[in-house]
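Undergrad: predicted model follows, preceded by the sequence.
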Amino acid sequence: QVQLVESGGGLVQAGGSLRLSCAASGRTFSSYVMGWFRQAPGKEREFVAGISWSGINTYYADSVKGRLSISRDNAKNTVYLQMNSLKSEDTAVYYCAADGRRRTTVSIIPRTYDYWGQGTQVTVSS
């Protein structure tokens with residue numbers, strides 16, 4: 001089992017920045033593809049960013065390219081999401097997720113991921 005705990009959400013003005021963290025339990029974190037997803041009220045959960053187990057390969061939704069950056073520190077069992085130039089449309093609950101099947105590619109499909117955190121709220125005021 002893997003437990004994921006997000007932190008770092010909050011209220012920020014448009015144009016501002018936040019850094020989300022996701023701390024994972026378990027010894028096999030370094031073998032998992034990790035992803036960040038978000039869900040706004042009345043909308044489906046959507047892919048935001050993903051990172052390969054090594055951290056070499058990263059993938060982003062078109063809506064966040066150039067503004068959000070995903071990274072990981074396998075020694076700390078933590079994945080991060082640096083969020084810059086935030087917009088009101090970024091307002092959502094952000095979830096981190098782990099693909100526990102040791103895939104080599106990042107999936108943008110939520111059901112691919114086996115473990116989920118409880119989510120952290122990000123609110124961007126305009």
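TA: Okay, I see it. Numbering: from 1, shown residues only.

Undergrad: wait, what's in contact with the residue lying closest to residue 68 once chain neighbours are set aside?
TA: Nearest in space to residue 68, with sequence neighbours left out and distances taken as CB to CB, 6 or more residues apart in numbering, is residue 83 at 5.2 Å. Every C-beta, even on glycine, is put in place using the N, C-alpha and C of the backbone. Contact analysis of residue 83 by CB atoms under 8 Å, 6 or more residues apart in numbering lists 17, 18, 19, 20, 67, 68, 90, 122.

Undergrad: now residue 83: phi and psi?
TA: phi -120, psi 110 (degrees, to the nearest 10).

Undergrad: got it, and residue 125?
TA: Phi and psi for residue 125, reported as degrees, to the nearest 10, are phi -90, psi 140.

Undergrad: doesn't residue 13 make contact with it?
TA: Yes - using CB atoms under 8 Å, residue 125 is in contact with residue 13, at 5.5 Å.

Undergrad: related to what we said a few turns ago, may I see the ChimeraX selection of the buried members of the contacts of residue 83?
TA: The following ChimeraX line selects those of the contacts of residue 83 that are buried, judged by 16 or more other CB atoms under 10 Å:
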select :18,20,68,90,122
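
Undergrad: where's residue 72, which helix or strand?
TA: Residue 72 belongs to strand 68-73 when assigned by DSSP states H and E.

Undergrad: what is that strand packed up against?
TA: strand 33-39, strand 46-51, strand 58-60, strand 78-83 (3 or more CB pairs under 8 Å, 6 or more residues apart in numbering; DSSP states H and E).

Undergrad: 6 Å - rerun?
TA: strand 46-51, strand 78-83 (3 or more CB pairs under 6 Å, 6 or more residues apart in numbering; DSSP states H and E).

Undergrad: out of those strands, which is closest to residue 108?
TA: For residue 108, the closest of the helices and strands packed on strand 68-73 is strand 46-51, at 3.8 Å, according to CB to CB.

Undergrad: parallel or antiparallel, list what pairs with that closest one.
TA: strand 33-39 (antiparallel), strand 58-60 (antiparallel) (DSSP bridges).
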